[in-house]
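Engineer: This is a predicted model, with the sequence first.
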Amino acid sequence: MCYVKRLRVIVFATIIFLFSACDKQTPDGATLKRQSITDQIAANSNFSILNLALIKAGMEEMLDTPGSFTFFAPNNEVMVASGFDMQRVQQLSSDTIRKILSYHILKSRLFENDFKMGVYYNEITVGGDSSFAIRNEQGLFVNGIKMLHVDFLQSNGIIHVPSKVFHFPQGDLLEVLAVDTSLSLFNAALLKSAKGGTDLTNALVCGCKFTLFAPTNDAFKIAGYPDESSIAKADYKKIIALLSYHITKERVFSTDLVHDMKVQMINGRYVNVFKSANSYMVQGALNSQPIQIIKMNTMATHGIVHAIERIIE
């Protein structure tokens, strides 16, 4: 009888362990049950801004249906840090919120370990745009954005928590530059290239992958180009030489940059990359000091834009 009682206790304890193992603790301390992604977001107060966005976008039903989704779900802290508080979400149109959220959702369930180390995966979001995921020694990254927490399994998919809100591509590289007023002089220089024998604008929309290290308007002013008219009057060959030292024919996210690496530009010359804490800098052959990258990983359909504070020489 004692043996039977002990056996029942062991079996009961094992059942309790197995059921408790089905739940996971979120980074915020709440227990994740095997419920739908929509129910989980609604039940966790740390995702209240995201929950409001899902409701306004009319996407809660999609993430409540059976399936195998991957949702890169920013929590309240990340949403606010990225400029999306409750008031901002209320102000945005439903279509805009739907497009933003669609860029955070994949149609297939992907755990962190489903990504091989050091390999980029082109993942198509439910909105139809490309996003690029990679796993390295520092963790899982999408478009250069690190995941704070990963692998929260739900009944219809999985939740990862990113450190920033993703921004979907707003067109090709030229279209991305056109909407960024701080890079209007770099855009003007590219448009000037189309008026001569070297049309860089045609290359940047051809479907190839490029990364632009784009000097800001202030950088152009420091270099002696105060406005678009000064660029229009500048020597064509000099502008082409300038531009070709700011474009590389490969997709380079901030997560690809390591201290003391070299990146080859389309002119055949190299730019040195340096890292200090969480900051990245680049330096050309004639630059006396490294140049700060002040805005990283702006997505375009055919590449990436990093804004830099001075011109590479």
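Structural biologist: Thanks, I have the structure now. Since this is a predicted model, take the numbers as computed values, not measurements.
Engineer: Can you pull out the low-pLDDT segments for this protein?
Structural biologist: Low-confidence segments of the chain, defined by pLDDT under 70: 1-33.
Engineer: what domains does the record give for this protein?
Structural biologist: Following the assignment in automatic domain parsing, the chain carries domains at 17-162, 173-308.
Engineer: Now mean neighbour count too, for the ones you listed, in JSON lines please.
Structural biologist: Heads up, the C-betas are built off the backbone N, CA and C, glycines and all. Conversion of these to JSON lines gives the following (neighbours: other C-beta atoms under 10 Å):
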{"stretch": "domain 17-162", "mean neighbour count": "17"}
{"stretch": "domain 173-308", "mean neighbour count": "17"}
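Engineer: which residues does the residue nearest to F47 when sequence neighbours are not counted contact?
Structural biologist: Spatial nearest neighbour of F47, chain neighbours left out: I41 (4.7 Å); criterion: C-beta to C-beta, 6 or more residues apart in numbering. When contacts are counted by C-beta atoms under 8 Å, 6 or more residues apart in numbering, I41 touches 47, 50-51, 54, 63, 73.
Engineer: host element of I41?
Structural biologist: With the criterion set as DSSP states H and E, the secondary-structure element containing I41 is helix 37-43.
Engineer: Please apply the same query to M147.
Structural biologist: Using DSSP H and E, M147 falls within strand 145-154.
Engineer: For N297, see how far away D256 is.
Structural biologist: 10 Å (C-beta to C-beta, to the nearest Å).
Engineer: got any residues that touch both of those two?
Structural biologist: Common neighbours of D256 and N297 are not found (criterion: C-beta under 8 Å, 6+ apart).
Engineer: Pretty sure I97 sits in a helix.
Structural biologist: Yes: counting by DSSP: H, G, I helix; E, B strand; the rest coil, I97 is found in a helix.
Engineer: quick one: contacts for it?
Structural biologist: Neighbouring residues of I97 by C-beta under 8 Å, 6+ apart: 53, 56-57, 89.
Engineer: Could you identify the most distant pair in these?
Structural biologist: Within these, A57 and V89 form the most distant pair, 9.4 Å apart (C-beta to C-beta).
Engineer: Walking through the stretch 101-250 of the chain, point out its helices one by one.
Structural biologist: Taking DSSP state H, counting those that start in this stretch, the helices of the stretch 101-250 of the chain run over residues 173-179, 184-193, 200-204, 217-222, 228-233, 236-244.
Engineer: can I get those helices in JSON lines with distance to G303?
Structural biologist: Written out in JSON lines, the entries for those read as follows (distance: least, C-beta to C-beta, whole Å):
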{"stretch": "helix 173-179", "distance to G303": "5"}
{"stretch": "helix 184-193", "distance to G303": "13"}
{"stretch": "helix 200-204", "distance to G303": "7"}
{"stretch": "helix 217-222", "distance to G303": "20"}
{"stretch": "helix 228-233", "distance to G303": "22"}
{"stretch": "helix 236-244", "distance to G303": "14"}
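Engineer: Among these, single out whichever gets nearest to E313.
Structural biologist: Nearest of the helices of the stretch 101-250 of the chain to E313, taken as C-beta to C-beta: helix 236-244 at 8.6 Å.
Engineer: in the stretch 51-200 of the chain, which spans are strands?
Structural biologist: 69-72, 105-106, 121-124, 130-136, 139-142, 145-154, 157-162 (DSSP state E, counting those that start in this stretch).
Engineer: I'd like to know which of these is closest to I239.
Structural biologist: Closest of the strands of the stretch 51-200 of the chain to I239 is strand 130-136, at 30.6 Å (criterion: C-beta to C-beta).
Engineer: Next, the angle strand 145-154 makes with the closest one.
Structural biologist: Orientation check (axes from the mean of the first three to the mean of the last three C-alpha atoms, to 10 degrees): strand 130-136 against strand 145-154 gives 90 degrees.
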